[in-house]
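Just the structure for this:
(one chain, ligands or ions: 2)
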Amino acid sequence: MRMVDLIEKKRDGAELTTEEIRFFIEQYTNGSIPDYQVSALLMAIYFQDMSDRERADLTLAMVESGDQIDLSGIEGIKVDKHSTGGVGDTTTLVLGPLVAACGVPVAKMSGRGLGHTGGTIDKLEAIEGFHVELTTEQFTKQVNEMKLAVIGQSGNLTPADKKLYALRDVTGTVNSIPLIASSIMSKKIAAGADAIVLDVKTGEGAFMKTVEDARALATAMVQIGNNVGRQTMAIISDMSQPLGFAIGNSLEVKEAIDTLRGKGPEDLTELCMVLGSQMVVVGGKAKDLEEARGMLLEVIENGSAIEILKNFIEGQGGNPAVVDSPELLPQAQYTFEVPSKESGYISFIEADEIGTAAMILGAGRATKESEIDLAVGIVLHKKVGDAVKEGESLATIHANTQNVEQVMEILYKYIEFSKEPTKAPKLIEEIIT
Ligand code: URA
Ligand code: CA
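Residues are numbered from 1 along each chain as shown. Ligands and ions are numbered 1, 2, ... in the order given. Next comes the predicted model:
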């Protein structure tokens with residue numbers, strides 16, 4: 001097989017065979033095919049697209065390029081959730097205990113990652129003593145016993161994706177639905193999930209800015225998952241404003257605890273209900289979304305979701321007392337209110353910019369080497385659609401410096417007002433099964 005033939009075939013709009021896709025992924029991963037040929041093929045895919053069959057083949061070839069996590073020691077249908085990423089997205093911390101309390105095993109591999117705040121692991125490490133360095137045996141045992149465990153990224157998962165992503169980044173081929181969908185799904189599948197629930201975000205704070213693009217990506221990922229034998233569902237949810245009130249690591253842990261007690265922000269709670277219902281259905285614990293939602297409400301009300309959270313924290317070395325006393329989490333030295341300069345209605349809170357403000361405070365990483373300050377961040381008091389009187393606080397800044405001028409400026413600039421009543425954006429655009 002010659003790479004140049006594959007390039008010409010795709011360039012002219014024909015379909016690549018399973019063997020051809022496997023060939024190019026294997027040979028590229030082991031260094032036998034040069035970047036310039038793969039760049040040309042990626043550009044051809046960018047313009048010519050891929051069939052459903054090609055997309056599934058590409059995903060599986062990437063899965064097989066490295067290690068795969070074996071979760072077969074865990075009883076039940078293992079369901080994983082993936083979000084395409086946004087600002088103040090606290091859902092993983094809520095959903096883990098929530099669906100585990102409904103009997104669905106959650107065996108989560110998570111990352112730190114770059115971004116406005118840390119990843120799920122950084123947030124969990126705000127809890128004193130908590131660690132994610134578990135052996136496979138410990139991980140399996142903890143999931144079997146308490147239905148929930150989180151482990152750090154280990155092993156050599158999808159090396160083909162790592163190489164391809166780096167190449168796409170510098171060849172103008174990131175923004176291609178078949179390439180994005182296969183990249184995300186290969187990582188989920190290699191991490192061992194039997195079933196996958198996807199939260200595809202749309203809006204200013206999201207990777208997919210329009211609903212149309214988000215729908216195309218969600219549909220592509222659902223098809224790939226189902227075509228390779230992993231039941232997959234997706235929702236499209238709003239990320240024009242930050243999710244919930246809290247943006248920052250400790251602050252989001254507290255927000256997750258509040259939500260598990262039924263006292264969380266309305267949007268975060270509803271999103272967790274929708275995603276959680278899907279997880280409980282694909283996990284085989286409810287016959288439909290309505291029954292699943294009833295179960296989720298029940299485990300919040302009867303306290304079993306909070307109980308699971310405590311056991312999970314203790315099981316991974318953390319101090320479970322933080323659940324009843326969140327003030328034990330790292331606290332910032334200073335807080336500053338942001339009083340509104342006008343009366344009116346909030347018309348827009350630009351997620352990306354508010355995320356940047358949290359990052360300036362130190363809540364996120366700009367580079368892989370940056371240290372995160374787990375205590376700092378922003379707690380919004382108003383969301384889009386809310387009425388505000390002049391002088392009322394729009395947000396509280398939690399900082400470990402007294403110099404928060406730049407952060408203040410961003411908040412004033414990107415929390416926008418209208419004199420006319422406004423409406424909250426639609427939270428769930430669509431459910432795709
Ligand atoms: N996230 C991924 O993991 N892969 C992509 O291609 C784009 C976003
Ligand atoms: Ca939040």
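
Flag every residue of this structure that's near ligand 1.
165, 179, 180, 183, 184 (Cβ under 6 Å from any ligand atom). (Glycine included, C-beta is placed from N, CA and C.)

Just the ones of these in helices?
Using DSSP state H, the subset of these located in helices is 165, 179, 180, 183, 184.

Now flag whichever of those residues is closest to ligand 2.
For those, the closest approach to ligand 2 (Cβ to the ion) belongs to residue 184, at 22.0 Å.

Next, the contact list for the closest one, please.
Applying Cβ atoms under 8 Å, 6 or more residues apart in numbering, one finds that residue 184 lies in contact with 82, 84, 221.

residue ranges for the helices of the stretch 101-250 of the chain, please.
120-124, 136-146, 159-169, 177-190, 211-227, 249-260 (DSSP state H, counting those that start in this stretch).

out of these, deepest packed?
helix 249-260 (a mean of 26; mean count of other Cβ atoms under 10 Å).

Helix or strand next in line after that helix, which one?
helix 266-282 (DSSP states H and E).

distance between that following helix and the chain's centre?
14 Å (Cα atoms, centre = their mean, to the nearest Å).

okay, that helix in CSV with CA atoms only?
This file holds the C-alpha atoms of helix 266-282, laid out as CSV (Å, rounded to 0.1, in the frame of the first residue of the first chain):
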residue,chain,number,x,y,z
GLU,A,266,-30.9,26.0,38.6
ASP,A,267,-29.0,25.5,35.3
LEU,A,268,-26.4,23.2,36.7
THR,A,269,-29.0,21.2,38.5
GLU,A,270,-31.1,20.8,35.3
LEU,A,271,-28.2,19.9,33.2
CYS,A,272,-27.2,17.2,35.7
MET,A,273,-30.7,15.9,35.6
VAL,A,274,-30.8,15.6,31.8
LEU,A,275,-27.3,14.1,31.5
GLY,A,276,-27.8,11.9,34.6
SER,A,277,-31.1,10.5,33.2
GLN,A,278,-29.3,9.5,30.0
MET,A,279,-26.5,7.8,32.0
VAL,A,280,-29.0,5.9,34.1
VAL,A,281,-30.9,4.8,31.0
VAL,A,282,-27.8,3.7,29.1
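
name the helices or strands packed onto the next helix or strand after it?
Next helix or strand after helix 266-282 toward the C-terminus (DSSP H and E): helix 289-301. Applying 3 or more Cβ pairs under 8 Å, 6 or more residues apart in numbering; DSSP states H and E, one finds that helix 289-301 makes contact with helix 91-101, helix 266-282.

Nearest spatial neighbour of the residue of the chain found nearest ligand 1, chain-adjacent residues omitted?
For the chain, the residue closest to ligand 1 is residue 183, as judged by Cβ to the nearest ligand atom, at 3.4 Å. Leaving aside its sequence neighbours, residue 183 sits nearest to residue 161 (Cβ to Cβ, 6 or more residues apart in numbering; 5.2 Å).

does the one you found really touch residue 62, like I thought?
Yes - if you go by Cβ atoms under 8 Å, residue 161 and residue 62 touch, sitting 5.1 Å apart.

Common neighbours of those two, please.
Common neighbours of residue 161 and residue 62 (Cβ under 8 Å, 6+ apart) are 183, 186.

How far does stretch 236-253 sit from its chain's centre?
11 Å.

next one: stretch 87-107
12 Å.

which parts of that stretch are buried?
87-102, 104-107 (16 or more other Cβ atoms under 10 Å).

got the residues of the stretch 201-350 of the chain near ligand 2?
244, 246 (Cβ under 5 Å from the ion).

Could you list the low-pLDDT ranges of the stretch 201-350 of the chain?
In the predicted model of the stretch 201-350 of the chain, no residue satisfies pLDDT under 70.

make it 90
204-209 (pLDDT under 90).

Helix, strand or coil: sort out the residue in the stretch 51-200 of the chain positioned nearest to ligand 2 for me.
For the stretch 51-200 of the chain and ligand 2, the shortest gap (Cβ to the ion) falls at residue 88, measuring 3.3 Å. For residue 88, the assignment made with DSSP: H, G, I helix; E, B strand; the rest coil gives coil.

Hmm, it is touching residue 256, no?
No - Residue 88 lies out of contact with residue 256 (Cβ under 8 Å); the separation is 11.2 Å.

To what extent is the closest residue to residue 206 other than its chain neighbours buried, counted in neighbours?
Spatial nearest neighbour of residue 206, chain neighbours left out: residue 239 (4.1 Å); criterion: Cβ to Cβ, 6+ apart. Using other Cβ atoms under 10 Å, residue 239 is surrounded by 29 other residues.

ok, now which ones touch residue 239?
By Cβ under 8 Å, 6+ apart, the neighbours of residue 239 are 86, 87, 89, 201, 202, 203, 204, 205, 206, 351.

what do you get for residue 422?
Applying Cβ under 8 Å, 6+ apart to residue 422 gives the contacts 345, 346, 347, 384, 385.

Any of the residues you listed buried? List them.
Among the contacts of residue 422, the ones that count as buried by 16+ other Cβ under 10 Å are 345, 346, 347, 384.

State the phi and psi torsions of the first one.
This points to residue 345. Here is the backbone geometry of residue 345 (degrees, to the nearest 10): phi -120, psi 140.

if we can go back for a sec, with respect to residue 278, which of the residues of the chain next to ligand 1 is nearest?
residue 184 (16.8 Å; Cβ to Cβ).

Which residue, other than its chain neighbours, is closest to residue 352?
residue 205 (4.9 Å).

got it, and residue 224?
residue 185 (4.7 Å).

What separation do you get for that neighbour and residue 95?
Residue 185 sits 19 Å away from residue 95 when distances are taken as Cβ to Cβ, to the nearest Å.

what's across from the residue nearest the centre of the chain in the sheet?
With distances taken as Cα atoms, centre = their mean, residue 83 lies nearest the centre of the chain, 3.1 Å away. Under the criterion DSSP bridges, residue 83 forms beta bridges with residue 199.

follow-up on the earlier one: now render the contacts of residue 239 as CSV, adding distance to residue 76.
As requested, these are arranged in CSV below (distance: Cβ to Cβ, whole Å):
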residue, distance to residue 76
86, 29
87, 33
89, 26
201, 28
202, 32
203, 35
204, 38
205, 34
206, 32
351, 35
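
Tell me the buried residues within those residues.
86, 87, 89, 201, 202, 203, 204, 205, 206, 351.

Give me the phi and psi angles of the closest residue to residue 345 other than its chain neighbours.
Spatial nearest neighbour of residue 345, chain neighbours left out: residue 422 (4.5 Å); criterion: Cβ to Cβ, 6+ apart. Backbone torsions of residue 422, given as degrees, to the nearest 10, read phi -120, psi 170.

How much space separates residue 422 from ligand 2?
Distance, residue 422 to ligand 2, using Cβ to the ion, to the nearest Å: 21 Å.
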